[in-house]
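A.B. asks: Here is a sequence with its predicted model. Questions after.
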Amino acid sequence: MSEVFEGYERQYCEISASLSRKCTTAAALEGEQKRQKVNEVKSGIDDAESLIRKMDLEARSLQPSIRAGLLAKLREYKSDLNNLKSDLKRISAVGPRSGAREELLESGMVDTLQVSSDQRSRLLLSTERLGKSTDRVREGRRTMLETEELGVSILQDLHQQRQSLLHGHNTLNDVDDNVGKSKRILAAMSKRMDKNKYIIGGIIFALILAILIILYFKFFH
């Protein structure tokens, strides 16, 4: 439901309940006090009509699925306002004489006004309950959005941790590759050292053999 429409609706229900109480009070008054109360009711009815026009414009600007329910409500409010106008006419039509209260009681107007007041009170209570339900829905939606944001944040953290683990894994692979290369280099150096040992040993053996041959020829020939 439109938040704007809800705001107008609450204002109308409050004004309607207030006007009903004023009509009941005005029916029991006489003279100047009655005229003042009637004028207050007329001013309140003007405000109520203004709110109904605003609700009508707001309802017609919404989607058809929402508009139908709001227009149905609006018809009830218009009917309620017409009842208020009728009550005001009946109160204004009664002349300022001492038996006015008794005549109103005999005609059942006070009972009618009381019933209308009870109906408007129930209407106001229903609107307040609707407002509370709407507030709960908004709170649930806000909690859902916060939960969604938290979930997104957790997923982002997990993604970052995964990237860190992948980076660490790649680093370990690089280290393993370097260690493998070092092993291969050391193995090659070891082979060369062994080969050099054999070469040096061969050279030493050849030198010793040459010295022995020289000594042999020197002393025996």
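C.D. replies: That came through fine.

A.B. asks: contacts, neighbours, all on C-alpha from now
C.D. replies: Will do.

A.B. asks: Assign a three-state SS to L19, would you?
C.D. replies: Assigned by DSSP: H, G, I helix; E, B strand; the rest coil, the conformation of L19 is helix.

A.B. asks: what's the nearest residue to it if we skip its chain neighbours?
C.D. replies: Of all residues not flanking L19 in the chain, V41 sits nearest, at 5.8 Å (C-alpha to C-alpha, 6 or more residues apart in numbering).

A.B. asks: and the one you found, how many neighbours does it have?
C.D. replies: Each residue near V41 was counted by other C-alpha atoms under 10 Å, and the total is 24.

A.B. asks: Please, which helix or strand holds it?
C.D. replies: For V41, the host element (DSSP states H and E) is helix 31-60.

A.B. asks: Following the chain past that helix, name the next helix or strand.
C.D. replies: Next in sequence after helix 31-60, counting helices and strands by DSSP H and E, comes helix 64-93.

A.B. asks: May I see the buried residues of that next one?
C.D. replies: For helix 64-93, a neighbour-count test (16 or more other C-alpha atoms under 10 Å) marks 67, 70-71, 74, 77, 80-81, 84-85, 87-88, 91-92 as buried.

A.B. asks: how much space is there between the residue most central in space within the chain and A59?
C.D. replies: By C-alpha atoms, centre = their mean, the chain has its centre lying nearest to R142, at 2.9 Å. Distance, R142 to A59, using C-alpha to C-alpha, to the nearest Å: 25 Å.

A.B. asks: now V38
C.D. replies: Counting by C-alpha to C-alpha - V38 and A59 are separated by 31 Å.

A.B. asks: coming back round to it: how big is the angle separating the helix holding V41 from helix 64-93?
C.D. replies: Relative orientation of helix 31-60 versus helix 64-93 (axes from the mean of the first three to the mean of the last three C-alpha atoms, to 10 degrees): 170 degrees.

A.B. asks: Name the residues of helix 31-60 that are buried.
C.D. replies: For helix 31-60, by 16+ other C-alpha under 10 Å, it's 34, 37-38, 40-42, 44-45, 48-49, 51-52, 55-56, 58-59.

A.B. asks: what packs against it?
C.D. replies: For helix 31-60, the elements it packs on are helix 3-27, helix 64-93, judged by 3 or more C-alpha pairs under 8 Å, 6 or more residues apart in numbering; DSSP states H and E.

A.B. asks: Distance from it to the middle of the chain?
C.D. replies: 36 Å (C-alpha atoms, centre = their mean, to the nearest Å).

A.B. asks: Repeat that for stretch 53-73.
C.D. replies: 24 Å.

A.B. asks: If you average the pLDDT over it, what comes out?
C.D. replies: Average pLDDT, stretch 53-73: 89.

A.B. asks: cool, stretch 198-211 as well?
C.D. replies: Throughout stretch 198-211, pLDDT has a mean value of 88.

A.B. asks: Any chance you could give me that stretch in CSV, C-alpha atoms only?
C.D. replies: The C-alpha coordinates for stretch 198-211 follow below in CSV (Å, rounded to 0.1, in the frame of the first residue of the first chain):
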residue,chain,number,x,y,z
TYR,A,198,88.2,-39.5,-11.5
ILE,A,199,90.0,-37.2,-13.8
ILE,A,200,92.3,-35.9,-11.1
GLY,A,201,92.9,-39.5,-9.9
GLY,A,202,93.9,-40.5,-13.4
ILE,A,203,96.3,-37.6,-13.7
ILE,A,204,97.9,-38.4,-10.4
PHE,A,205,98.3,-42.1,-11.4
ALA,A,206,99.8,-41.1,-14.7
LEU,A,207,102.3,-38.8,-12.9
ILE,A,208,103.3,-41.4,-10.5
LEU,A,209,103.8,-43.9,-13.3
ALA,A,210,105.9,-41.4,-15.2
ILE,A,211,108.1,-40.8,-12.2
